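J.: Build me a model:
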Amino acid sequence: MSGGTLTEVRNATGGMPGGGSSKNGSVSTAYAQHNNWSDAAWFFPALSSLTQTPNPSFIFSYIGQEQHAGLTVQHIGSFQTKPTGLTDLLNAGRLSSMDFYLDPVSNLPLAIAFNTFADTDVNIDIPVEIRFAKYQAVNGIQVPFHIQKMLNGGVVLDITVTSAVLNSGLSDSSFTVQ
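T.: Below is the predicted model:
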């Protein structure tokens, strides 16, 4: 971010997802609970809900081959049927719904789309899309070296990765909301 830093943390304590953010090292502000049901690791597809295909509480649907952002993709939709702790089953699928757009040759994610919601009104959908490009192998894992985060159709974050290290030994405390 120009002029400062933004730290975002997501976790699942007792089966309930939570999260918050801190600007320039200030006290963390919690996210509204309804904004914690989509993937926390939007920036790294290997940690997305695509890994949950064996989990019976996730439903995946093959939507088909289509054009997305000018690219030919395989479109897969997903949602959780009963996210832990969410009693309103009508909202369960809507809050956790995600669309994955995969390269038809490599099956690597080219984009992930989901909605975030106004903090004070779960009925106001705000579209989010993450785009991935320039994959490179790092220790045998394909890592996107260009990532864009779009909010409501506009680019809000444009990341160019210059190097990546996997399994570097970060402690669990690095991922605690403070």
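
J.: Ranking helices and strands of the protein by mean pLDDT, which lands last?
T.: Counting by mean pLDDT, DSSP states H and E, the chain has its least confident helix or strand at helix 89-96, which shows a mean of 64.

J.: low-confidence ranges in the chain?
T.: In the predicted model of the chain, residues 1-2, 12-16, 36-37, 39-47, 80-93, 175-178 satisfy pLDDT under 70.

J.: go again using 50 as the cut-off
T.: 89-90 (pLDDT under 50).

J.: got the contact list for the helix or strand that the least confident helix or strand of the chain is followed by?
T.: Remark: after helix 89-96, the chain's next helix or strand is strand 98-102, criterion DSSP states H and E. Applying Cβ atoms under 8 Å, 6 or more residues apart in numbering, the contact partners of strand 98-102 are 38-39, 48-50, 63, 68-69, 71, 73-79, 108-114. Using the backbone N, CA and C atoms, a C-beta is placed for each residue, glycine as well.

J.: partners of strand 98-102, with directions?
T.: Partner strands and pairing direction for strand 98-102 (DSSP bridges) are strand 71-80 (antiparallel), strand 109-118 (antiparallel).

J.: Can you tell me, leaving aside adjacent residues, what's nearest to Gln67?
T.: Closest residue to Gln67 apart from its sequence neighbours, by Cβ to Cβ, 6 or more residues apart in numbering: Val73 at 7.4 Å.

J.: Over to Gln136?
T.: Excluding its sequence neighbours, the residue lying closest to Gln136 (Cβ to Cβ, 6+ apart) is Phe145, at 5.4 Å.

J.: Tell me, how many residues neighbour the one you found?
T.: 16 (other Cβ atoms under 10 Å).

J.: Surely it is within a strand?
T.: Yes. The assignment for Phe145 (DSSP: H, G, I helix; E, B strand; the rest coil) places it in a strand.

J.: what sits against it?
T.: Ala133, Lys134, Tyr135, Gln136, Thr160, Val161, Thr162, Ala164.

J.: re earlier: hmm, Glu66 and the residue nearest to Gln67 touching each other?
T.: Yes. Using Cβ atoms under 8 Å, Val73 is in contact with Glu66, at 6.3 Å.

J.: between the two, which one's more packed in?
T.: Counted by other Cβ under 10 Å, Val73 and Glu66 do not tie: Val73 has more neighbours, with 21 against 11.
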